[in-house]
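# Structure here, sequence nowhere to be found:
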């Protein structure tokens, strides 16, 4: 069992930056691939970024590529999402998620993940 708690969301102007953090409980954090998804009102939950258990591979949605960076610190049981050059269309609830994977498997569908945080709101004003 893994519990995930996101933090770092808030209100920012377009062009600004935010850094989301996700703290995970448990001693097997390094056994999980980690991901960030987001969901805006009326929209489906969409993949934002993912990282394999050893940070050997990362993957981004085209809409955030070059602006967002996912990273993890297995010693701190924490995954991060650095968001730069934010746009109003980035406004959403952002969710941290974990998937059983000790290899190179990195799901981009919500169905591929086993545990979810409660979400943190990110609002970008124009």
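Great, that's in hand. As the structure is a prediction and not an experimental result, all values here were calculated from the model.
# any idea which element the residue nearest the centre of the chain lies in?
Taking Cα atoms, centre = their mean, the centroid of the chain lies closest to residue 36, which sits 2.2 Å from it. Using DSSP states H and E, residue 36 falls within strand 32-39.
# got it, and residue 50?
Per DSSP H and E: residue 50 is located in strand 46-51.
# what is residue 24 paired to in the beta sheet?
On the basis of DSSP bridges, residue 24 takes part in beta bridges with residue 4.
# swap in residue 68?
When bridges are called by DSSP bridges, residue 68 pairs up with residue 83.
# same question, residue 47
residue 37.
# count of residues packed around it?
22 (other Cβ atoms under 10 Å). Heads up, the C-betas are built off the backbone N, CA and C, glycines and all.
# In this structure it contacts residue 109, no?
Yes. With contact defined as Cβ atoms under 8 Å, residue 47 counts as touching residue 109 (7.3 Å).
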